[in-house]
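Novice: Dropping the sequence and predicted coords here.
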Amino acid sequence: MNLLIELERDIFIPLKREANLTKTDMLILFLLLESSNITMYDIRKRDIIDPGLISRRIKFLEENGFIRRFQNGRAKEIALEERGKFYIEKVISFQKKYVKKFMNCILD
């Protein structure tokens with residue numbers, strides 16, 4: 001079976017059902033994992049997420065306890081909460097499994 005189809009089936013569809021997380025949400029959470037406190041401007045600079053989606057998804061993530069926003073001087077920063085870290089770690093563990101599987105396919 002195609003690995004991308006397996007990733008979709010085993011990671012993104014269950015996350016959508018369990019926590020209502022979209023791929024855009026996961027990208028935002030990964031960015032927050034990479035850089036501890038960032039602003040919405042920092043996310044927009046990356047040019048990987050549609051600017052129209054960012055504020056809606058940030059609001060959703062904050063309302064559901066994945067992230068929190070706080071004022072730091074004049075900037076409003078975003079930080080990852082425990083619930084967000086839990087789902088990111090879940091995705092990372094799945095990714096490790098699929099990297100091993102992919103490497104085995106290449107070597108066979």
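Specialist: Yes, it's here. Numbering: from 1, shown residues only.

Novice: so where does the residue nearest the centre of the chain fall, helix or strand?
Specialist: Centrality entry for the chain: nearest residue to the mean C-alpha point is Met26, 1.9 Å, by C-alpha atoms, centre = their mean. Using DSSP states H and E, Met26 sits in helix 23-34.

Novice: burial count for Ile43?
Specialist: 22 (other C-beta atoms under 10 Å). Glycine gets a C-beta too; all of them are placed from N, C-alpha and C.

Novice: That one and Arg9, how far apart?
Specialist: Going from Ile43 to Arg9 by C-beta to C-beta, to the nearest Å gives 28 Å.

Novice: how about the nearest residue to Ala19, chain neighbours excluded?
Specialist: Among residues not flanking Ala19 along the chain, Tyr87 sits closest, at 6.0 Å (C-beta to C-beta, 6 or more residues apart in numbering).

Novice: What is the burial count for the one you found?
Specialist: Neighbour count for Tyr87, taken as other C-beta under 10 Å: 18.

Novice: Perfect, I'm done here.
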